[in-house]
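**Student:** generate a structure from the sequence data that follows.
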Amino acid sequence: MKTRVHLIVITLLLFAGMGIQAQSTTKAKKVLIVYYSYSGNTQVIAKQIQKDTGGDLFEIQTVKAYPKEYKAVVDQARKEVDSNYKPALRTKLQDISKYDVIFVGSPCWWSTIAPPVRTFLSGYNLSGKTIVPFMTHEGSGMGRSEADIRKLCPKSTVLNGLPIQGSQVNAAGNEVMKWLKKTGMLKK
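**Tutor:** Model prediction:
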């Protein structure tokens, strides 16, 4: 009987020790929300994601601003997307290595990410990172942006993104929260 009690106690201690080890080695994921916003719509969603995840926020800014006139920016964006142009960026992130999860926000230009986002993704080693795209659009949804991000970040895990219609960004809080919960990224 004593031997049996000792075995049970030893077994319980082993399981308790495993639980303690599992707890102590689990670390919280460090989140970054990086975005490019031409009209302000993508910024609204980026700030909502920051509020709901507690992540750090980083705005991609180009050296040369895009035209203010709509037709001019549409024409320029078309040329840049078609030629895989990567505009120079004014902002640079000092240390991306400390982040595990990177939300990437962009307006959907010609069914993909805006060229400044392409420049950002090409400029950092994102191997082993989880990339979570979100797009603002006026009818194209995610377009081919997820596939294009996978090409730019082949050693990253790219999750399914969230498309939000630009005219609906101010009312999208619940949709953003549901998506974050589904992806497991909602701050508790």
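**Student:** please enumerate the strands of this protein.
**Tutor:** 31-35, 56-59, 101-109, 112-113, 130-137, 157-158, 162-165 (DSSP state E).
**Student:** let me have these in CSV, extended by mean pLDDT and distance to residue 78.
**Tutor:** (Glycine included, C-beta is placed from N, CA and C.) Shown next, in CSV, are the strands of the chain (pLDDT from 0 to 100; distance: least, C-beta to C-beta, whole Å):
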stretch, mean pLDDT, distance to residue 78
strand 31-35, 98, 21
strand 56-59, 98, 24
strand 101-109, 97, 8
strand 112-113, 98, 11
strand 130-137, 97, 15
strand 157-158, 97, 25
strand 162-165, 97, 20
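**Student:** for the spatially most central residue of the chain, name its beta-bridge partners.
**Tutor:** Geometric centre of the chain, nearest residue: residue 103, 1.1 Å, by C-alpha atoms, centre = their mean. Counting by DSSP bridges, residue 103 is bridged to residue 33, residue 132.
**Student:** if I look at it, how far off is residue 56?
**Tutor:** 10 Å (C-beta to C-beta, to the nearest Å).
**Student:** and for these two, which residues touch both?
**Tutor:** Residues touching both residue 103 and residue 56 by C-beta atoms under 8 Å, 6 or more residues apart in numbering: 31-33.
**Student:** ok, back up a step: I'd say the residue nearest to the centre of the chain and residue 42 touch.
**Tutor:** No - contact criterion C-beta atoms under 8 Å: residue 103 and residue 42 do not qualify, at 10.9 Å.
**Student:** which neighbours do the two share?
**Tutor:** Counting by C-beta under 8 Å, 6+ apart, the residues touching both residue 103 and residue 42 are 35, 134.
**Student:** residues near the closest residue to residue 48 other than its chain neighbours, how many?
**Tutor:** In space, and not counting its chain neighbours, residue 48 is closest to residue 176: 4.7 Å by C-beta to C-beta, 6 or more residues apart in numbering. Per other C-beta atoms under 10 Å, the neighbour tally for residue 176 reads 21.
**Student:** OK, contacts around residue 176?
**Tutor:** Per C-beta under 8 Å, 6+ apart, neighbours of residue 176: 45, 48-49, 52, 162, 164.
**Student:** right, I'll call it a day here.
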